[in-house]
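1. What follows is a predicted protein model with its sequence.
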Amino acid sequence: MATYDDTIKARSLNDWLAYLERIDPSKISLGLERASTVAKRMQLNSFRNKTVVEVAGTNGKGSVCAFLSQVAFRSGIKVGMYTSPHLISFTERININNKTVSERLLCEAFCAVFSAKGDIELTYFEFTTLAALYCFAKEDVDLLILEVGLGGRLDAVNIIDADIAVITSIGLDHVDILGETTAKIAYEKVGILKSEKTLVLGVVDSEARDVIMHEAFLRDATVYQEGRSFTARYVENSNKFTFSFSLMQSNLCMISSNEIYPLPKIPRACVSVALFTALLLQKRGLNITNKAIEYALENSALPCRMQKVTINPTIYIDVAHNVPAVKNLIKTLNQIEKKGRRVCVLAMLKDKDYRGVIEACANSFDVFYIASTRGVRGLSYHKLLESLALYKEQDSIKAFDNVEDALSCALKESNALDEIIVFGSFVTAAATYKFIHTHF
């Protein structure tokens with residue numbers, strides 16, 4: 001007869017994912033104590049002889065992580081990257097040396113977490129974060145790049161001390177958990193900054209900046225802020241951009257430089273933060289090469305970030321799911337010459353500000369194909385319809401039970417010059433990604 005431990009070890013990845021999906025998030029409050037206790041049991045609390053970068057922010061986190069991982073890998077540094085959520089396969093969340101984690105190692109990690117937790121009830125994200133750290137320890141990576149899942153101060157990633165903390169941006173998202181002002185959200189995000197460490201800060205409003213600078217002062221931390229310590233300048237119709245930065249050396253002298261780089265593939269909204277962090281790692285002694293930086297600028301990009309997947313008609317997929325991200329999407333879209341109609345396929349989750357999203361994008365599209373999303377977080381298209389009716393005529397809106405039907409109809413009713421932009425959530429992007437790969 002198989003023992004209990006043997007049964008656990010024999011679980012497949014699908015078994016583990018089914019187990020994780022059964023965890024009820026409403027029964028467990030935010031906090032670091034549970035994950036810290038289990039990490040201590042697994043001897044995962046410290047990566048003192050490694051370099052750790054933690055990336056928080058409302059938008060742009062994943063792109064910054066992908067860029068830094070690519071730079072490190074191309075420089076010959078063994079790097080582990082942890083991001084969330086995934087699009088198609090859970091294994092996308094854990095990346096070691098530019099490859100997604102193997103199912104074998106991931107199952108081993110899940111088994112190790114389960115065995116160590118005992119009667120401690122972990123959240124989905126705590127469980128998976130500990131599994132990622134197990135994988136990085138097992139593979140003995142030299143650089144850890146960890147994306148914060150929610151906020152920062154109480155996020156499971158924060159059980160590890162970051163050598164460099166990054167905050168890409170701050171906008172109103174998850175307000176029911178993080179707070180209803182950018183100042184409150186900034187306080188949560190700056191929680192990843194540790195005493196006497198370094199913070200790389202993107203563009204934020206004055207209220208958020210004041211909170212962050214105050215917390216950095218209390219921690220005796222060094223802050224490099226976009227627009228002050230570093231900035232990118234783009235010239236229209238050029239395939240290069242200029243990056244200017246000032247950096248404190250170990251002897252407390254300041255060095256300044258202007259560098260020319262190829263245009264980035266990651267969104268421009270986060271490229272300055274990503275590039276400066278790479279240069280900071282270089283100055284701190286990691287063997288980051290300029291050739292690797294240039295390669296990452298030209299090639300590093302995550303799927304479904306204004307990703308063009310078809311032409312005639314053109315289809316773009318984007319994971320934008322909050323107001324700041326949608327405003328950036330519209331800004332990017334307005335830089336593209338409009339030849340036909342602009343068509344929106346939109347499906348969101350109920351815990352997002354769908355009213356704000358619709359207000360931000362309603363006047364940028366000629367027609368809307370809205371859809372419901374499935375699951376406990378799913379949002380009915382009826383909610384989208386109510387909000388859209390404030391801005392658009394009824395004959396410019398069509399509603400569907402799922403993303404696939406909405407996209408299929410949009411394709412049938414579009415001509416070769418039209419542009420179809422699909423966004424609203426990672427769930428929406430994933431469904432579209434699968435649909436395109438099945439039908440084209």
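-> All right, it came through fine. Numbering: from 1, shown residues only.

2. Just the element for Ala430, please.
-> Under DSSP states H and E, the secondary-structure element containing Ala430 is helix 426-439.

3. Please disregard the earlier target; I meant Tyr316.
-> Going by DSSP H and E, Tyr316 is part of strand 314-317.

4. after that strand comes which helix or strand?
-> Following strand 314-317 in sequence, per DSSP H and E, is helix 323-333.

5. Quick check: buried residues in that next one?
-> Neighbour-count burial for helix 323-333 flags Val323, Pro324, Ala325, Val326, Lys327, Asn328, Leu329, Ile330, Thr332, Leu333 (criterion: 16 or more other Cβ atoms under 10 Å). Placement of C-beta: from N, CA and C, glycine included.

6. And the helix holding Ala430, how far out from the chain middle?
-> 18 Å (Cα atoms, centre = their mean, to the nearest Å).

7. got the buried residues of helix 323-333 as CSV, with distance to Phe440 columns?
-> Listed next are the buried residues of helix 323-333 as CSV, based on distance: Cβ to Cβ, whole Å:
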residue, distance to Phe440
Val323, 31
Pro324, 31
Ala325, 26
Val326, 26
Lys327, 30
Asn328, 27
Leu329, 22
Ile330, 26
Thr332, 23
Leu333, 22
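
8. which residue packs closest to Glu180, ignoring adjacent ones?
-> Distances taken as Cβ to Cβ, 6 or more residues apart in numbering place Leu172 nearest to Glu180, at 7.3 Å, with adjacent residues excluded.

9. Just the buried residues of stretch 236-245, please?
-> Buried positions in stretch 236-245, judged by neighbour count with 16+ other Cβ under 10 Å: Phe241, Phe243, Phe245.

10. Torsion angles phi and psi at Thr231?
-> phi -160, psi 150 (degrees, to the nearest 10).

11. what about it, neighbour count?
-> Residues lying near Thr231 (other Cβ atoms under 10 Å) number 15.

12. wait, isn't it in contact with Leu275?
-> No - Thr231 lies out of contact with Leu275 (Cβ atoms under 8 Å); the separation is 10.5 Å.

13. what's the overlap in contacts for those two?
-> Residues touching both Thr231 and Leu275 (Cβ atoms under 8 Å, 6 or more residues apart in numbering): Phe243.

14. Looks to me like Asn258 is in a helix.
-> No - counting by DSSP: H, G, I helix; E, B strand; the rest coil, Asn258 is not found in a helix; it is strand.

15. What are the contacting residues of stretch 357-366?
-> By Cβ under 8 Å, 6+ apart, the surrounding residues in contact with stretch 357-366 are 320-323, 326-327, 329-330, 333-334, 341-344, 346, 348, 384, 387-388, 390-392, 396, 421, 424.

16. mind listing what's buried in that stretch?
-> By neighbour count with 16+ other Cβ under 10 Å, stretch 357-366 contains the buried residues Val357, Ile358, Glu359, Ala360, Cys361, Ala362, Phe365.

17. what's the distance between the last one and Gly424?
-> Between Phe365 and Gly424 the distance is 13 Å, computed by Cβ to Cβ, to the nearest Å.

18. Columns secondary structure on top of the buried residues of stretch 236-245, output as TSV?
-> Below are these laid out as TSV (three-state DSSP):
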residue	secondary structure
Phe241	strand
Phe243	strand
Phe245	strand
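
19. okay, these in CSV with distance to Ser36 and pLDDT next?
-> Shown next, in CSV, are the buried residues of stretch 236-245 (distance: Cβ to Cβ, whole Å; pLDDT from 0 to 100):
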residue, distance to Ser36, pLDDT
Phe241, 42, 92
Phe243, 38, 93
Phe245, 35, 89
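
20. Just the closest of the residues you listed to Leu106, please.
-> Phe243 (37.0 Å; Cβ to Cβ).

21. so who does that closest one touch?
-> So Phe243 contacts Phe230, Thr231, Ala232, Arg233, Asn258, Glu259, Ile260, Tyr261, Ser272, Leu275, Phe276 (Cβ under 8 Å, 6+ apart).

22. Can you spell out which residues form a bridge with it?
-> Here Phe243 sits in beta bridges with Ala232, Glu259, going by DSSP bridges.

23. Report the separation between it and Arg341.
-> Remark: distance between Phe243 and Arg341 (Cβ to Cβ) = 37 Å.

24. same question, Tyr234
-> Taking Cβ to Cβ, one finds Tyr234 at 29 Å from Arg341.

25. try Leu263
-> 28 Å.

26. Neighbour count: these two, which is higher?
-> Arg341 (16 against 13).

27. what residues are up against that one?
-> Asp366, Val367, Ser414, Leu417, Asp418, Glu419.

28. a markdown table for the residues you listed, including pLDDT and distance to Leu379?
-> Output for those, formatted as a markdown table (pLDDT from 0 to 100; distance: Cβ to Cβ, whole Å):
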| residue | pLDDT | distance to Leu379 |
| --- | --- | --- |
| Asp366 | 95 | 23 |
| Val367 | 96 | 20 |
| Ser414 | 95 | 24 |
| Leu417 | 95 | 31 |
| Asp418 | 96 | 26 |
| Glu419 | 95 | 24 |
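
29. Give the single residue among these positioned nearest to Gly80.
-> Among the contacts of Arg341, and counting by Cβ to Cβ, the member closest to Gly80 is Glu419, at 37.5 Å.

30. Which strand or helix spans the residue nearest to the spatial centre of the chain?
-> Central residue of the chain (Cα atoms, centre = their mean): Gly62, 3.1 Å from the mean position. Using DSSP H and E, Gly62 falls within helix 61-74.

31. on that earlier part again, isn't the residue nearest to the centre of the chain up against Leu302?
-> Yes - if you go by Cβ under 8 Å, Gly62 and Leu302 touch, sitting 5.3 Å apart.

32. hmm, back to that, tell me which entries of the contacts of Arg341 lie within strands.
-> Residues of those located in strands (DSSP state E): Val367, Glu419.

33. PyMOL command for the buried members of the contacts of Arg341?
-> Provided next is the PyMOL selection string for whichever of those are buried by 16+ other Cβ under 10 Å:
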select buried, resi 367+414+418+419
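
34. and the contacts of Arg341 as a markdown table, adding distance to Tyr224?
-> Formatted as a markdown table, the contacts of Arg341 follow (distance: Cβ to Cβ, whole Å):
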| residue | distance to Tyr224 |
| --- | --- |
| Asp366 | 43 |
| Val367 | 44 |
| Ser414 | 45 |
| Leu417 | 44 |
| Asp418 | 43 |
| Glu419 | 38 |
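
35. Great, nothing more from me.
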